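> one predicted model, sequence on top.
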Amino acid sequence: MMKGSLLYEGKAKRVYHVEGQPEQLILSYKNDATAFNGKKKDQFEGKGRLNNLITSKIFDYLKQHNIPSHFIKELNHTEQLVAKTAIIPLEVVVRNVAAGSITRRLGIPEKERFNPPLVELFYKKDELDDPIINDQHAYHLTDISKEELDSIKDKALEVNALLANLFKQTGLDLVDFKLEFGRIADGTIVLADEISPDTCRLWDDKTGEKMDKDVFRENLGDLISVYKIILQRLEEHTCAK
Ligand code: ADP
Ligand code: UDP
């Protein structure tokens, strides 16, 4: 596996071409943490490794449950091999419990449960601070059809049910998370990007403690020790199976 040239450097990952494999990419997880659209920044030794290993475990689990994704395999501690996609510039957020932007936007108190879960769409555009959009906006701003958007939302809810169940077995309440989808070469839409404590809210189901990037956003403690606990609990769960 020969790493090719750098295709893109984002806030949390670098994306590389793969020599001789034009349909594949290497995602390399960085130690950088950013919040509030890059306005708050820091670096945490070991974060790239933790998010790579956690994301790999989660995508493996989703693969076992027949969720098509870009994920091919973990390459080493900080890198994974994925199928190259044309990312659809949408952030698909699923919420089981109110937290974060929805509490500010709609005045819903933190911890209020959504039953059924909510799906929200945000336009992935840093210059605009990723604004919330509706379906009509998504058809105009991206190349997806109504059928494709409906199936993306169904898929997001299916992933939510699977992940909520997985995390529940590790003593964590899945509050909300963000997904991205992309098109592979034949036009099929698959789940892409990462699923980690950077992109999910996870609360300890006994203590209610925040065990995700809010530790960094809200200065609640040591991010690395919290992410280590998430990985450890996922490893124990996979070993116990
Ligand atoms: P950001 O771009 O928001 O700063 P990252 O630092 O995580 O985020 O950068 C990773 C980039 O790689 C993101 O823009 C993401 O959409 C993109 N990406 C993730 N998976 C794939 C894939 N399979 N194919 C192409 N791009 C991908
Ligand atoms: N999220 C993300 N990337 C983003 C925006 C949100 O991964 O660019 C995740 C975030 O970690 C949380 C969920 O999506 O798990 C919902 O985020 P919210 O809309 O509440 O925004 P926030 O207040 O976290 O910025």
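Good, I have the coordinates. From a predicted model like this one, the values you see are computed outputs, not experimental measurements. Ligands and ions are numbered 1, 2, ... in the order given.
> minimum distance to ligand 2, which residue of this protein gives it?
As assessed by Cβ to the nearest ligand atom, ligand 2 sits closest to residue 100 within the chain, at 2.3 Å. From N, CA and C alone the C-beta is placed, and that goes for glycine too.
> can you show me the strands along this structure?
Along the chain, the segments classed as strands by DSSP state E run 3-9, 13-18, 24-29, 32-35, 40-43, 71-76, 79-83, 86-87, 90-97, 113-123, 132-133, 172-183, 189-192, 200-204.
> the ones you listed: which one's closest to residue 160?
strand 90-97 (4.5 Å; Cβ to Cβ).
> who's in contact with the residue of the chain found nearest ligand 1?
Relative to ligand 1, the nearest point of the chain is residue 10 (2.2 Å; Cβ to the nearest ligand atom). By Cβ atoms under 8 Å, 6 or more residues apart in numbering, the contact set of residue 10 is empty.
> roughly how far apart are it and residue 17?
15 Å (Cβ to Cβ, to the nearest Å).
> what do you get for residue 124?
21 Å.
> what does residue 76 give?
Taking Cβ to Cβ, one finds residue 76 at 17 Å from residue 17.
> look at those two and report which has more neighbours.
residue 17 (17 against 11; other Cβ atoms under 10 Å).
> test my guess that that one contacts residue 7.
Yes: counting by Cβ atoms under 8 Å, residue 7 is a contact partner of residue 17 at 5.6 Å.
> so what sits against both of the two?
In contact with both residue 17 and residue 7: residue 25, using Cβ under 8 Å, 6+ apart.
> what's the burial count for the closest residue in space to residue 93 that isn't next to it in sequence?
Computed as Cβ to Cβ, 6 or more residues apart in numbering, the closest residue to residue 93 that is not its neighbour in sequence is residue 120, at 4.5 Å. Neighbour count of residue 120, defined by other Cβ under 10 Å: 19.
> who's in contact with residue 217?
35-36, 40.
> ignore the last one, residue 6
14-16.
> mind putting those residues into a markdown table with distance to residue 223?
Converted to a markdown table, these look like this (distance: Cβ to Cβ, whole Å):
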| residue | distance to residue 223 |
| --- | --- |
| 14 | 20 |
| 15 | 23 |
| 16 | 25 |
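> for ligand 1, what are the nearby residues on the protein?
8, 10-13, 15, 25, 70, 82-85, 87, 180, 182, 192-193 (Cβ under 6 Å from any ligand atom).
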